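J.: Starting from these lines, generate the structure:
(one chain, ligands or ions: 1)
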Amino acid sequence: MTRLEQSRVLVVGATGALGSLIAERLEDRGARVVRHGRDEGRLEDRAADGGGIAVDLTDEDAPEVIVARAVEQLGGLDVIVFAAGVVGFDTVAETAEQDLETLFTVNALAPMRIVSVALPALRESADAGNEPVVLTLSGIVSELPTAGLASYSASKAALAAYIAAAGRELRRSGIRLVDARPGHIETGLADRPLFGTAPRFPHGHDPAAVADRLVQAIEDGTTALPPDAFSGS
Ligand SMILES: NC(=O)c1ccc[n+]([C@@H]2O[C@H](COP(=O)([O-])OP(=O)(O)OC[C@H]3O[C@@H](n4cnc5c(N)ncnc54)[C@H](OP(=O)(O)O)[C@@H]3O)[C@@H](O)[C@H]2O)c1
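T.: Numbers count the residues shown, from 1 in each chain. Coordinates of the predicted model:
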């Protein structure tokens with residue numbers, strides 16, 4: 001169990017559909033939340049106190065800046081939620097023309113680097129008995145790489161593999177890493193792709209129900225969130 005009351009939380013991508021719902025729910029449970037986004041204005045709209053960390057994840061020093069400012073504002077870190085992400089739709093014939101650097105940086109490299117930079121703070125949290133958690137959202141494509149979504153699937157599979165291996169490495173330190181792999185969610189992400197055009201998806205999960213499930217998982221000690229953990233949402 002991770003006690004959320006007074007826990008120090010960084011939500012990366014808190015201006016997004018899922019990120020904002022997760023941040024609100026964590027605050028409802030008494031957590032102290034620092035929101036990250038890339039757009040100052042959107043961030044101000046979301047953060048009740050007007051605070052937040054506006055940094056583009058493709059900036060070279062983004063991991064160091066985000067972690068340092070979160071630790072400074074909160075006095076430490078107990079929970080990190082990664083709800084930032086970008087999708088791209090490409091056929092194999094188009095892949096070489098696409099902005100794979102941004103896709104892989106936002107979806108995989110930035111969260112990997114942020115976990116690494118945040119490790120001293122997470123260790124301190126574990127030593128204090130706070131049972132720190134890192135939650136990422138790779139999605140079903142990391143288990144079931146999808147035609148027309150090969151680049152996106154590859155970026156998310158990289159993230160999922162990193163979190164699985166890092167989770168094994170850090171388990172003995174008392175740091176829990178959980179990667180969530182829900183299927184399509186009705187957040188509108190597919191309508192704002194970095195490249196390409198979305199195919200027609202069957203109706204997806206309800207964002208509010210997915211956010212509830214994710215916050216419950218942070219709280220109750222869940223160690224795996226495969227696609228079927230979201231059935232019924
Ligand atoms: N929706 C789905 O079907 C689904 C399914 C499985 C997994 N996921 C994953 O869940 C996560 C949240 O998705 P969502 O549906 O809530 O999408 P969303 O509403 O589009 O939110 C995406 C977030 O990522 C931020 N972001 C994008 N590029 C960035 C950059 N270069 N630097 C900093 N922040 C950046 C966005 O910032 P702005 O507000 O500035 O745009 C926004 O906060 C993503 O990782 C997504 O891949 C989604």
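J.: any idea where the strands of this protein begin and end?
T.: Using DSSP state E, the strands of the chain run over residues 8-12, 32-37, 53-54, 79-82, 133-137, 176-180.
J.: who wins for proximity to the ligand among these?
T.: Proximity to the ligand (C-beta to the nearest ligand atom) singles out strand 133-137 among these, at 3.7 Å. In short, each C-beta sits where N, CA and C put it, glycine included.
J.: Strand 176-180 and that closest one, what's the angle between them?
T.: With axes from the mean of the first three to the mean of the last three C-alpha atoms, to 10 degrees as the basis, strand 133-137 and strand 176-180 are set at 20 degrees to each other.
J.: average pLDDT for strand 133-137?
T.: The average pLDDT for strand 133-137 rounds to 98.
J.: Relative to it, what are the paired strands and their orientations?
T.: Strand 133-137 has its sheet partners listed here by DSSP bridges as strand 79-82 (parallel), strand 176-180 (parallel).
J.: so does that strand get close to the ligand?
T.: Yes: using C-beta under 6 Å from any ligand atom, strand 133-137 reaches the ligand at Leu137.
J.: In contact with Arg123, which residues?
T.: By C-beta atoms under 8 Å, 6 or more residues apart in numbering, the residues touching Arg123 are Ser173, Ile175.
J.: related to what we said a few turns ago, could you dump the strands paired with strand 133-137 into a markdown table with mean pLDDT and mean neighbour count added?
T.: Formatted as a markdown table, the strands paired with strand 133-137 follow (pLDDT from 0 to 100; neighbours: other C-beta atoms under 10 Å):
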| stretch | mean pLDDT | mean neighbour count |
| --- | --- | --- |
| strand 79-82 | 98 | 27 |
| strand 176-180 | 98 | 23 |
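J.: okay, those strands in CSV with distance to the ligand next?
T.: Putting the strands paired with strand 133-137 into CSV (distance: least, C-beta to the nearest ligand atom, whole Å) gives the following:
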stretch, distance to the ligand
strand 79-82, 7
strand 176-180, 7
